[in-house]
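Enquirer: next comes the sequence, and after it the predicted model I'd like to discuss.
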Amino acid sequence: MLKKLVNSISYQQTKINMLTGVSIALLLGLTACEKKQSANPSVIAVDTSHQPVSDNTVRVAVLTIDSVDSVKQRYQPLLNYLSEVINRPFSLIPVTQESQFIEVAQGNLHFTTNNPLAAVQIRRLYDTKFLLTHSRPQVGTKFGGLIIVRSDSNIYKLKDLRGKKAACVAFQTAAAGCTFQIYHLLKNGIDPFLDFSSFVENKSQDKIVLDVVNGKIDVGFIRTGQLEKMLNQGLLENLEQLRILESAKDEFFYTHTTELYPEWPIAAVKGTDPQLVAALTDALLNIPANHPALAAAKIEKFLPAEDYGSLDKLIERLRLKSWDANRDPFRNSENRQQGVGSRE
């Protein structure tokens, strides 16, 4: 099974190419070419517009899910609150799935908050420290994944999924939109990459659900709360159109297939001033329950960090990015690219 898994899930890492041994004359001659190469779509574009800030600015990265504007609308009020309480300027740094690793590696940040899969991968690679976990209305600090089919399909059990057409958000980076379900199926003896007739990525969970409803695919992977959100938005007529496979028997607010995992953490980047870490932790643990910043971020409160060990197991089993980090003898050494010195 492990060999199948290695063949079916590619381990991707960002590689940074460096030019060495080039003469000054040659560099001058290639200036025009370099401008053209910057448009290469294979090169990860890192947003550097946030670089010119004062040394006193606290830099907080937030993973962009929908758009940069959406991130700012949700999290800027929270950073404004922190700035008032701690009496230091806070800068919100929207990051992508790729750039969040680069920003941490280069020592450009003090804190991060992102989906728990990426957060644990970054912790494994760069020794960030988890401080708090988001607690959301109705569901608290947990979320999970669903495997959905049409209610009139002949798929009733996980074993019935063999030979079916399926879609998820992203094989490598989507937590409850893909990897939770892959891990769950593998533990039940099903490899979606080998046992499905087709298995594709679709960045929109809305479209995944609608493709199942309309019979374009047989199976969809989505996160808890997705169906209810679409129902409230009028994108679904009713939930009776769909069936959730082998739903877990628990008291969680939403029906789900996979086990539950901890929500987004807030982490301190290695080298951040301990007094600043303590101040931020205290400020968020004691934010008033009716503070408008919580409503804007769709967060009920912050709680001390949950145990994220279940994500470590998932990463290692699926051999996702950072899966072998604990085997790297240079993981905590200066040989790994990290920021130098304390970020106060």
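Expert: Good, I have the coordinates. Given the structure is predicted, the values throughout are model-derived calculations rather than measurements.
Enquirer: sketch out the low-pLDDT regions of this protein for me.
Expert: 1-54, 326-344 (pLDDT under 70).
Enquirer: ranges for the strands of it?
Expert: Taking DSSP state E, the strands of the chain run over residues 58-63, 90-95, 111-113, 129-135, 142-143, 145-150, 165-168, 198-201, 219-223, 242-244, 261-262, 265-268, 301-304.
Enquirer: compare these and report which one is nearest to residue 185.
Expert: strand 145-150 (7.9 Å; CB to CB). Heads up, the C-betas are built off the backbone N, CA and C, glycines and all.
Enquirer: tell me which other helices or strands the closest one touches.
Expert: helix 180-187, helix 205-213, strand 219-223, helix 226-232, strand 242-244 (3 or more CB pairs under 8 Å, 6 or more residues apart in numbering; DSSP states H and E).
Enquirer: which of those is buried the deepest?
Expert: strand 219-223 (a mean of 28; mean count of other CB atoms under 10 Å).
Enquirer: send the alpha carbons of it over as CSV?
Expert: Provided in CSV are the C-alpha atoms of strand 219-223 (Å, rounded to 0.1, in the frame of the first residue of the first chain):
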residue,chain,number,x,y,z
VAL,A,219,-18.4,11.5,-5.7
GLY,A,220,-17.3,14.8,-4.1
PHE,A,221,-15.0,15.7,-1.2
ILE,A,222,-16.0,18.8,0.8
ARG,A,223,-15.5,20.3,4.2
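Enquirer: which parts of this protein are helices?
Expert: Ranges of helices in the chain, per DSSP state H, are 2-8, 24-29, 31-37, 68-86, 99-105, 116-126, 180-187, 192-195, 205-213, 226-232, 274-285, 292-297, 309-318.
Enquirer: could I get those helices as JSON lines with distance to residue 151?
Expert: JSON lines is the format used below for these (distance: least, CB to CB, whole Å):
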{"stretch": "helix 2-8", "distance to residue 151": "30"}
{"stretch": "helix 24-29", "distance to residue 151": "63"}
{"stretch": "helix 31-37", "distance to residue 151": "51"}
{"stretch": "helix 68-86", "distance to residue 151": "32"}
{"stretch": "helix 99-105", "distance to residue 151": "38"}
{"stretch": "helix 116-126", "distance to residue 151": "30"}
{"stretch": "helix 180-187", "distance to residue 151": "19"}
{"stretch": "helix 192-195", "distance to residue 151": "21"}
{"stretch": "helix 205-213", "distance to residue 151": "9"}
{"stretch": "helix 226-232", "distance to residue 151": "12"}
{"stretch": "helix 274-285", "distance to residue 151": "42"}
{"stretch": "helix 292-297", "distance to residue 151": "35"}
{"stretch": "helix 309-318", "distance to residue 151": "29"}
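Enquirer: can you tell which of those helices is closest to residue 135?
Expert: Residue 135 lies closest to helix 292-297 among the helices of the chain, at 9.8 Å (CB to CB).
Enquirer: if we can go back for a sec, just say which of the strands of the chain is most tucked in.
Expert: strand 219-223 (a mean of 28).
Enquirer: check contacts around residue 227.
Expert: By CB atoms under 8 Å, 6 or more residues apart in numbering, the residues touching residue 227 are 146, 148, 209, 236, 239, 242.
Enquirer: do the same with residue 285
Expert: Listed by CB under 8 Å, 6+ apart, the contact partners of residue 285 are 132, 302, 303, 304.
Enquirer: if we can go back for a sec, can you name the two of the contacts of residue 227 that are farthest apart?
Expert: Top of the distance list for the contacts of residue 227 (CB to CB): 146 and 236, 13.5 Å.
Enquirer: picking up where we left off before, same list, the strands of the chain, but as CSV with distance to residue 186 please.
Expert: CSV is the format used below for these (distance: least, CB to CB, whole Å):
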stretch, distance to residue 186
strand 58-63, 25
strand 90-95, 29
strand 111-113, 28
strand 129-135, 26
strand 142-143, 20
strand 145-150, 13
strand 165-168, 14
strand 198-201, 13
strand 219-223, 13
strand 242-244, 19
strand 261-262, 16
strand 265-268, 25
strand 301-304, 30
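Enquirer: make sure residue 164 is actually in contact with residue 197.
Expert: Yes. With contact defined as CB atoms under 8 Å, residue 164 reaches residue 197; the gap is 6.2 Å.
Enquirer: out of these two, which sits in the busier spot?
Expert: When neighbours are counted by other CB atoms under 10 Å, residue 164 comes out ahead of the other of residue 164 and residue 197, with 19 against 10.
Enquirer: for residue 69, which of the strands of the chain is the nearest?
Expert: strand 90-95 (9.1 Å).
Enquirer: need the contact partners of that closest one.
Expert: If you take CB under 8 Å, 6+ apart as the criterion, strand 90-95 is touched by 47, 50, 53, 57-64, 68, 71-72, 75-76, 79-80, 82-83, 103, 108-109, 112, 114.
Enquirer: and the spatially most central residue of the chain, how far from residue 174?
Expert: The centroid of the chain falls nearest to residue 115 when counting by CA atoms, centre = their mean (3.1 Å). From residue 115 over to residue 174 the distance is 8 Å, taken as CB to CB, to the nearest Å.
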